[in-house]
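S.K.: just coords:
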């Protein structure tokens with residue numbers, strides 16, 4: 001059953017994404033979440049929304065503009081209208097949540113105030129800040145009908161200003177809020193005679209001195225300011241000219257991005273109609289562009305970096321990384337340890353320092369001959385880059401695949417590529433038409449008369465910062481067959497005209513789709529034969545039509561399918577005759593769930609895979625992605641236990657259903673299981689809650705019962721066929 005055949009069994013990915021961001025908003029609304037963390041969830045919600053309009057809505061807008069048929073054009077225009085309605089509803093909830101968080105913070109003697117809420121004592125401080133720090137960096141631009149409308153940068157807060165002079169004539173101006181020069185949140189003293197911590201936002205300090213922004217050059221009787229923000233299409237348009245290097249193309253495309261088509265215009269709902277109309281005309285906003293009335297503040301993504309104000313209970317209790325004793329000892333050669341046993345890291349429960357140690361050891365080890373690595377998103381002050389440059393200085397052969405089209409990290413990656421090139425590293429920009437999304441390292445080491453490979457295969461980026469806030473798996477292995485496979489991936493990236501063969505890896509765009517569907521078909525065959533059959537999927541996004549069709553067929557055949565999906569999911573669980581054996585949940589908590597894990601029951605001999613690839617068409621067909629099997633029995637068990645803990649989460653998991661209700665999941669299990677904290681405890685002391693083990697045994701029994709039921713059905717049908 002395809003998407004075109006039945007829209008009722010397929011949720012548009014954009015609407016599913018909105019449902020995901022609602023789950024983030026739920027955390028900001030939740031009074032059980034620490035107060036400052038609730039504020040940060042508001043920031044995450046806002047940041048997500050910006051990217052959604054830059055990318056997802058931009059795609060739909062293009063489809064609406066360039067659809068071949070009237071029917072398609074109408075469909076996508078209706079989708080845009082549905083998106084706008086849902087976002088406006090969430091924005092209203094956002095504003096309510098913000099007021100709720102302010103109220104909760106006030107009970108902790110923490111205040112975020114505006115310019116009208118400060119007393120005379122505080123005004124002196126604000127006056128000094130405005131005069132000495134803020135006014136010198138303000139550059140207002142008057143909007144004149146005879147001149148070109150000012151350019152508004154993507155994702156930046158502006159104040160739209162209305163000026164009334166003594167003759168009651170009206171003029172308008174724009175002023176960028178300079179958060180790139182001054183902190184958005186500025187601490188000021190509490191009211192005289194009171195205690196607490198008080199913050200005022202930069203735009204409110206500007207409002208405090210608004211009449212002086214124009215430095216006495218304009219006759220001002222009355223002046224008022226309203227916040228606006230424009231989100232532009234972020235898609236990069238790469239020129240097909242072949243006489244340009246890829247870096248030159250990228251630099252030009254990034255410059256064009258800043259002038260991309262408007263996709264969302266957010267404005268203060270209290271803005272007067274005449275000012276709003278002036279802005280709409282100046283920005284050439286059509287009825288298809290998303291105009292979003294909102295509250296007084298925009299760019300709430302800055303709340304992500306709201307200052308630490310203490311005490312500790314205002315934020316999540318820290319969970320220090322769990323040391324891996326054998327691999328964390330500085331006097332222990334990491335290569336000796338890896339020869340004994342594969343290592344599976346699970347960030348941020350484990351430290352990313354182990355990967356850094358691997359690279360830094362390789363950089364100075366005389367036996368290491370070469371290092372190959374894929375870089376997709378790299379930390380701002382990357383020690384990975386330092387290790388690679390060190391390796392080159394120590395006469396190693398170093399090859400770095402740098403993906404220049406990692407969305408929103410393109411400029412940083414260009415800088416890293418140039419630094420690596422200047423340091424003598426062989427920098428490769430990948431395959432034309434394919435993003436390199438794999439998370440791979442191969443270290444070639446001379447051991448006696450043999451050359452041996454040490455290999456890293458991950459689900460997340462080689463990035464120290466995100467490894468502290470994203471959950472991800474990293475497999476580091478001495479398995480020579482896996483090492484050869486990964487080395488062949490690098491050969492494909494370097495010489496894409498060569499078709500490589502892989503013993504164990506599934507590699508996009510060649511074998512990932514075929515391999516995964518083959519594994520699904522095997523479960524279908526087992527179920528039809530009356531054998532227990534189960535598929536467990538943990539991913540960020542599940543929207544590929546073909547994969548969804550196969551999962552529907554699996555469900556109809558009697559395969560039990562369990563999905564843990566953080567973000568977009570177009571599959572509809574629980575539809576009778578289609579997906580009644582599919583159950584799906586999503587978990588939103590302190591860490592962003594990022595790994596991809598695929599488990600197939602395989603008639604009692606389960607197969608476990610970790611992957612860089614989500615179940616999206618782009619990941620399976622238009623990127624270089626790697627799905628790797630796990631061979632070590634203890635590591636298989638570890639993955640199973642982690643997935644079981646998440647499946648038993650009855651605190652932070654939500655049900656994914658046709659209505660996109662996002663209801664917190666109720667599950668019959670003893671006690672509360674908050675999976676991220678439970679996983680930390682499990683990895684720390686190796687014990688799994690009894691209730692989780694009991695739940696797994698119950699599921700196994702249910703699988704056997706499903707198989708027995710299928711056998712009875714077969715036995716009834718066979719005599720008739722004979």
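M.R.: Arrived safely, thanks for sending. Given the structure is predicted, the values throughout are model-derived calculations rather than measurements.
S.K.: going forward, measure contacts and count neighbours with C-alpha atoms only.
M.R.: Noted.
S.K.: ok, residue 319 - contacts?
M.R.: 349, 680 (C-alpha atoms under 8 Å, 6 or more residues apart in numbering).
S.K.: which pLDDT does the model give residue 289?
M.R.: The model reports residue 289 with a pLDDT of 56.
S.K.: please report how far residue 359 lies from residue 488.
M.R.: 20 Å (C-alpha to C-alpha, to the nearest Å).
S.K.: between these two, who's got more neighbours?
M.R.: A count of neighbours by other C-alpha atoms under 10 Å puts residue 359 above the other of residue 359 and residue 488, at 23 against 17.
S.K.: I'd assumed residue 387 was in contact with that one.
M.R.: Yes - counting by C-alpha atoms under 8 Å, residue 359 does reach residue 387; the two are 6.1 Å apart.
S.K.: tell me which stretches of the stretch 501-650 of the chain form strands.
M.R.: 506-508, 534-539, 560-565, 582-587, 592-593, 596-600, 607-611, 623-629 (DSSP state E, counting those that start in this stretch).
S.K.: okay, and the helix or strand of the protein with the least pLDDT?
M.R.: The weakest-scoring helix or strand in the chain, judged by mean pLDDT, DSSP states H and E, is helix 246-257 (a mean of 49).
S.K.: where does pLDDT dip in the stretch 301-450 of the chain?
M.R.: 325-331, 404-413, 430 (pLDDT under 70).
S.K.: mind listing the helices for it?
M.R.: Taking DSSP state H, counting those that start in this stretch, the helices of the stretch 301-450 of the chain run over residues 325-328, 334-340, 353-364, 383-393, 410-422.
S.K.: just checking, what packs against the helix or strand containing residue 162?
M.R.: Using DSSP states H and E, residue 162 maps to strand 157-164. With contacts taken as 3 or more C-alpha pairs under 8 Å, 6 or more residues apart in numbering; DSSP states H and E, strand 157-164 sits against strand 170-176, strand 222-232.
S.K.: is it possible to export those strands to CSV including distance to residue 462?
M.R.: Putting the helices and strands packed on strand 157-164 into CSV (distance: least, C-alpha to C-alpha, whole Å) gives the following:
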stretch, distance to residue 462
strand 170-176, 35
strand 222-232, 29
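S.K.: just put the ones you listed in a markdown table and tack on mean neighbour count.
M.R.: Listed next are the helices and strands packed on strand 157-164 as a markdown table, based on neighbours: other C-alpha atoms under 10 Å:
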| stretch | mean neighbour count |
| --- | --- |
| strand 170-176 | 19 |
| strand 222-232 | 22 |
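S.K.: ok, of the ones you listed, where does mean pLDDT dip lowest?
M.R.: Across the helices and strands packed on strand 157-164, strand 222-232 has the smallest mean pLDDT, namely a mean of 90.
S.K.: name the strands paired with that one and say parallel or antiparallel.
M.R.: strand 157-164 (antiparallel), strand 262-268 (antiparallel) (DSSP bridges).
S.K.: format the ones you listed as CSV; extra columns: distance to residue 376 and mean neighbour count.
M.R.: Formatted as CSV, the strands paired with strand 222-232 follow (distance: least, C-alpha to C-alpha, whole Å; neighbours: other C-alpha atoms under 10 Å):
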stretch, distance to residue 376, mean neighbour count
strand 157-164, 29, 22
strand 262-268, 27, 23
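S.K.: lowest average pLDDT across the ones you listed?
M.R.: Across those, strand 262-268 gives the lowest mean pLDDT, at a mean of 82.
S.K.: immediately after that strand, which helix or strand?
M.R.: helix 273-283.
S.K.: what element comes up after that next one heading to the C-terminus?
M.R.: strand 290-294.
S.K.: same for that following strand, what does it pack against?
M.R.: In terms of contacts (3+ C-alpha pairs under 8 Å, 6+ apart), strand 290-294 is packed against helix 70-106, strand 262-268.
S.K.: can you list the residues that contact the shortest one?
M.R.: Outside of strand 262-268, the residues within contact range by C-alpha under 8 Å, 6+ apart are 53-54, 57-58, 61, 226-233, 285, 289-298.
S.K.: if you set the cut-off to 6 Å instead, what comes out?
M.R.: 226-232, 289-296 (C-alpha atoms under 6 Å, 6 or more residues apart in numbering).
S.K.: how about stretch 209-222?
M.R.: Outside stretch 209-222, the residues that reach it (C-alpha under 6 Å, 6+ apart) are 164-166.
S.K.: got it, and stretch 9-29?
M.R.: For stretch 9-29, the surrounding residues in contact (C-alpha under 6 Å, 6+ apart) are 3, 38, 41-42, 97, 567-572.
S.K.: run the last query once more with 7 Å
M.R.: Contact partners of stretch 9-29, identified using C-alpha atoms under 7 Å, 6 or more residues apart in numbering, comprise 3, 33, 38-39, 41-42, 45, 56, 83, 97, 543, 567-572, 588, 660, 662.
S.K.: tell me where the model's unsure across the chain.
M.R.: Using pLDDT under 70, the chain drops low at 1-7, 233-262, 286-290, 298, 325-331, 404-413, 430, 497, 714, 716-722.
S.K.: kindly report the domain assignment for it.
M.R.: Domain assignment for the chain by automatic domain parsing gives 31-314, 343-502, 507-716.
S.K.: possible to save those as JSON lines with distance to residue 25?
M.R.: JSON lines is the format used below for these (distance: least, C-alpha to C-alpha, whole Å):
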{"stretch": "domain 31-314", "distance to residue 25": "6"}
{"stretch": "domain 343-502", "distance to residue 25": "18"}
{"stretch": "domain 507-716", "distance to residue 25": "10"}
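S.K.: for residue 321, find the nearest of these.
M.R.: domain 343-502 (4.9 Å; C-alpha to C-alpha).
S.K.: look up how far residue 534 lies from residue 582.
M.R.: From residue 582 to residue 534 the distance is 10 Å (C-alpha to C-alpha).
S.K.: let me fix that, I meant to ask about residue 282.
M.R.: 57 Å.
S.K.: alright, that wraps it up for me.
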